[in-house]
Structure formats: C-alpha cells, structure tokens
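Participant: Here you go, sequence then predicted model.
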Amino acid sequence: MGYILVFDLGTTSVKAVLFDEELKRIDLQSVEYTLIAGQASRVEYPAEGYWNALCRAAECIFERRRDAAEKIAGISVTTQGETLIPVDERGEALRRAIVWLDGRAETQAAAIRTKIKREDFFRITGVPECTGLCPLSKLIWLKENEKAIYQKTRWFLLLGDYILFKLTGIICTEKTLLSTTGYFRIDEDRVWDELLEDLGLARDRIPPVKESGEVIGAISPEAARQLGLNDRALVTSGAMDQICGAVGAGNFVAGTLTEVTGTALCVGATIPKQAIDGRGSIPVYRHIFTDRYLVLPVSMTAGMALKWFRDTFCPSETEEAARTGQDVYDLLGALAASSPPLARGLLHIPYLSGSIQPDNNPAARGAFTGIGLEHTRADFIRAIFEGVAYMLRENIELLRREFSITGSNLRSLGGGSRSPLWNQIKADITGLSIETMGEPECTAAGAAALCAVSIRMFNTVEDAVRAVNRPLALYTPHVERKIEYDKGYADYNKIYAAINR
C-alpha cells in the first residue's frame, strides 16, 4: 500500500515521522522554531514559518531515504490546539499566528463570562472556563483591535486547518481540534452557531467541519513539489495532538488511563459520552469516536521543572553529555538513583508557572523544602521526580472524584517515560502499575493509525493501533514503598496549601 508520513506540529517544533506499510516507524526528523513573545501575554509566530519548518523536516527525511518519496500513500497532520490564523480568500495568512499560549484576550473573555454562566459554558463546550487563552475570546479581540484584518478575513483557521490547506488547497477544520475553541458544542457535536451570532461573530468564517481521520483530498501539485514527494498521496485529517497521543497509546476504551510527562503533565481518561457536570474543573475533549470523550487534566510544569534544574544547576552534566554523546537526562537519572526514596527529607512542589488542575491557581508557585547541609544535587533531582509523581497522583484522584475513573494500570508517554527510575517512582506513589509503550512517538503513531484506516490499509483503528504500538515494559508498585510515599504525599499537600493560600 505504501508509506505514511505524519507531521506533528508542537509548540516549539515540528516532527516529520515516516511509517512503513506495517506501521513501523522508520524515520523521524525534528525542526525547531522560536516563538515571538511580546508584552501583555502576547505569543505569536509567522504562519508561513510553520510550513517552512515542515518542509525542512520532510526534506531531511527524503535526503536520508530517497526511495521513500515515491512510496508515500498517506499524509496525516496532528497539531497543538487553539493556535489561530486568519486567512484571506486565497488562504494567505493576514497576520502572524496567535499561539495557544497567548493570553491577550482576557478582557474579551471577561465580557463573555458575563453573558454565559461558567457552568453552562463547561456543560456545552467541555472547556471549564472561557479565558484569554480561548480562541473564542481572540476572535472578539481581533474584531475590536485589528478591524481591518478582521474584515479581510475569509476564514479563521486553526494551525491544523492551515497545514491541511497548504497540503491540499482545501479549506476545512476537524472536530477534536475545534473542541477547545469555545465555539464548538461537544454536547451536540457541532459549531455553536447561536453563540457566534450572539457575540456578533461571523459563522461563515468558520471552515467546513470534518471528522478525525477523514480523507481531505490528494496532495496538491505545488505541495508535492515543495515537499519533494509524489503527487498521488492522499492527505487525511488527524486529530488534535493530545487526542492523537491517547489514540496512539490505545486510550479509546473506558477505563484506560494515560499520562504524558513532557514539558507539562497531561493525564487522559476515556469516558462514554455523557452530560457534563458544569461544576467540574477538568477539560473534556471530543474523542475520535462520536460516543466518547477524553477527559484531560493538565499541570503546566512537569518535565519543565527538570529542564529548569538542568539548565540552572547542572552545567557539568550538560558538558559531559555533549562530550560523550550521552543523553543529559540519563546522567541526571543516574544521579537521582543514588538518592534514597523521599530524597532524605527533601520535598519539591513543582508548580513553577501556576496551576490549572487540580487547583486552578495561576499565582501558584513551587518550592523545595526540608533543605539541609547534607543534601546534594542528586537529592534535588530525586525530589523533582517525586514531586511530579505526587502531582500525577493528585490528578488521578481528581479524575476519580469527578468522573469515577477506575483502573489499576496507567500507560506512560512522553520524555519522562524513558526514565526507568521515574516510572518506578510514579508506580510507587500512585499505587498503579505503570506501562511504557514500544513506540514512544505516540502522537505520531495515533495520527498514522487514523490515516492508515482512512486510506484502507487497516480495517479499524483498533487494528491499526495494535500494529503501530504495543506495551514495552511494566513497573509494579512496591507495597512498602507506597506506605512511605503516602506520608510524603500528605506532606506535599500540606506544604502546597501553606505556600499557595
């Protein structure tokens, strides 16, 4: 049937990931980009820059595998949610993309909150609260502050929509990507037309809506030329990156739990489609199946806490890694392993950039407590591992309270899953078995599985996921260690409450 090429566009990089006919990953190339941060919480990036980075990543793939360009049968796209790009009639971007991290529209969000009760907004959209990060708020901001651009805009695209247009020349959007905009009703699986009209926003500027894993069309001759591949490949919609990550790990059956320890911590659970209790606080996403949701608490700082410590306090390990070709995080993990459980009384609160879940507190801050002259960098790194695991336990308990989530197994994804020590710590602290996956690029794997079904390489998503990814290793909790960590977790909660009142 041919190969599948996936483009995974994250916040600061794009990955081109190549899969063969059996959905085995055979190549990966990543190209980074630097966001433009300004005053008043503004974060932007040139829309064409995303496409240029994507083309460079594809070029690197085909330079190494010259025969692959002719074998591409399907192309799929998965991206960050909420990044907004206004385009004109020709699909040309009218301004830089407003990145999902951009919080400029808080004044507009506050006005929306006066019109719609928080409980109703959550019940209808699955978004716990309309904030300045929400694309709905940013549409109003554009209308009020960049009137000429708003008037010229033919389509308000999300990043995934823009890339699909660049690949095919077809304007469309996709339901999981829409589900965090604030103008998509997940309860009725449609754009919230009435709200857009009530807010004075043009409904006809929202693109036609497609399903996840739907064939959009053949790659355009121009895109094929720029990417250096054949013009017979079919382009398919993927899903938002968090949804694709869950799919790639098999998280589309009720009772399955996944956690991603990357820059942030995301914990995902699939639930049957149901009425949402508007008093809750966990984001609810439209899943790839119409009868299911993915609930996804997010904590802003997880792996970022370890990166901050590495950059600030570990120059010798960074230099050694560069000199020897080792992964610096392997060196940090080896240091952490030399520290005993509970890090000799050192405790870390990892909320270094505010909290969303389980406690919505943007002003929350982190801490190291219990520091003594006996403590070393190894203890601090161990304390970071444990602090993030405590945060994981908090969010699992939140899922149990709000959605009665059950299960004794947790699939671990992201960079943190590559650390055996961290996986064991998570198992001991949560009391759950931690399972890692054979294909660590779960987001790309999920997009590849959706694409493979849409171009009829596989009959079902379940079959495709079994081919692209399987469990690799299992970490079971130690009963005695769990008792120790229960005491540490109690201290963690007390200290968080004391410093973040």
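Facilitator: The structure has been received and is ready for your questions. Numbers count the residues shown, from 1 in each chain.
Participant: after the host helix or strand of Ala334, next one along is what?
Facilitator: Using DSSP states H and E, Ala334 sits in helix 328-337. Going down the chain from helix 328-337, the next helix or strand is strand 347-349, by DSSP H and E.
Participant: Check which helices and strands that following strand sits against.
Facilitator: Applying 3 or more CB pairs under 8 Å, 6 or more residues apart in numbering; DSSP states H and E, one finds that strand 347-349 contacts strand 367-369, helix 377-403, helix 479-499. Using the backbone N, CA and C atoms, a C-beta is placed for each residue, glycine as well.
Participant: rerun that using 10 Å as the cut-off
Facilitator: Here strand 347-349 touches helix 303-313, strand 367-369, helix 377-403, helix 479-499, going by 3 or more CB pairs under 10 Å, 6 or more residues apart in numbering; DSSP states H and E.
Participant: Which strands or helices does the helix or strand just after the third one pack on?
Facilitator: Past helix 377-403, further along toward the C-terminus, the next helix or strand under DSSP H and E is strand 409-413. Judged by 3+ CB pairs under 10 Å, 6+ apart, strand 409-413 is in contact with helix 241-248, strand 257-261, strand 265-272, helix 377-403, helix 420-430, strand 433-437, helix 442-454, strand 471-475.
Participant: so which of these comes closest to Arg25?
Facilitator: Checking the helices and strands packed on strand 409-413 against Arg25 by CB to CB gives helix 442-454 as the closest, at 7.4 Å.
Participant: where's Pro341 relative to Asp486, distance?
Facilitator: According to CB to CB, to the nearest Å, Pro341 stands 12 Å off from Asp486.
Participant: list the residues that contact both of those two?
Facilitator: Jointly contacting Pro341 and Asp486 under the rule CB atoms under 10 Å, 6 or more residues apart in numbering are 428-429.
Participant: more crowded one of the two?
Facilitator: Pro341 (17 against 13; other CB atoms under 10 Å).
Participant: How about the contacts made by that one?
Facilitator: So Pro341 contacts 382, 386, 424-425, 428-429, 478, 480-481, 484-485, 488 (CB under 10 Å, 6+ apart).
Participant: Can you say which of the residues you listed are buried?
Facilitator: Among those, those scoring as buried are 382, 386, 424-425, 428-429, 481, 485, 488 (criterion: 16 or more other CB atoms under 10 Å).
Participant: Need the helices and strands packed on strand 409-413 in CSV (columns: distance to Ala16).
Facilitator: CSV is the format used below for the helices and strands packed on strand 409-413 (distance: least, CB to CB, whole Å):
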stretch, distance to Ala16
helix 241-248, 15
strand 257-261, 20
strand 265-272, 23
helix 377-403, 29
helix 420-430, 28
strand 433-437, 20
helix 442-454, 9
strand 471-475, 23
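Participant: out of the ones you listed, nearest to Lys147?
Facilitator: Of all the helices and strands packed on strand 409-413, helix 241-248 comes closest under CB to CB, at 32.4 Å.
Participant: Helix 442-454 and that closest one, what's the angle between them?
Facilitator: 70 degrees (axes from the mean of the first three to the mean of the last three CA atoms, to 10 degrees).
Participant: And helix 241-248, how far out from the chain middle?
Facilitator: Distance, stretch centre to chain centre, for helix 241-248: 8 Å (CA atoms, centre = their mean, to the nearest Å).
Participant: Next, the angle from that helix to strand 257-261.
Facilitator: Counting by the same axes, to 10 degrees, helix 241-248 lies at 130 degrees to strand 257-261.
Participant: Now helix 241-248: buried residues?
Facilitator: 241-248.
Participant: how about the nearest residue to Ala321, chain neighbours excluded?
Facilitator: Among residues not flanking Ala321 along the chain, Val328 sits closest, at 3.8 Å (CB to CB, 6 or more residues apart in numbering).
Participant: got the contact list for the helix or strand of the chain with the lowest mean pLDDT?
Facilitator: When the helices and strands of the chain are scored by mean pLDDT, DSSP states H and E, strand 298-299 comes last with a mean of 86. If you take CB under 10 Å, 6+ apart as the criterion, strand 298-299 is touched by 242, 260-261, 264-268, 282-283, 350-351, 353-359, 364, 388, 391-392, 394-395.
Participant: Separate out the buried members of those residues.
Facilitator: 242, 260-261, 264-268, 282-283, 350-351, 353-359, 364, 388, 391-392, 394-395.
Participant: Could you tell me the average pLDDT over stretch 451-471, please?
Facilitator: For stretch 451-471, the mean pLDDT works out to 92.
Participant: Give me the distance between the two termini of it.
Facilitator: 21 Å (CA to CA, to the nearest Å).
Participant: how far does it sit from the chain's center?
Facilitator: Using CA atoms, centre = their mean, the offset of stretch 451-471 from its chain centre is 21 Å.
Participant: Can you list the buried residues in it?
Facilitator: Those would be 451-455, 457-458, 461, 464-465, 467-469, for stretch 451-471 by 16+ other CB under 10 Å.
Participant: same check, this time on stretch 293-311
Facilitator: 293-310.
Participant: returning to what we had before: same list, the buried residues of stretch 451-471, but as a markdown table with distance to Arg401 please.
Facilitator: Shown next, in a markdown table, are those (distance: CB to CB, whole Å):
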| residue | distance to Arg401 |
| --- | --- |
| Cys451 | 37 |
| Ala452 | 37 |
| Val453 | 35 |
| Ser454 | 37 |
| Ile455 | 42 |
| Met457 | 41 |
| Phe458 | 37 |
| Val461 | 30 |
| Ala464 | 34 |
| Val465 | 29 |
| Ala467 | 36 |
| Val468 | 33 |
| Asn469 | 30 |
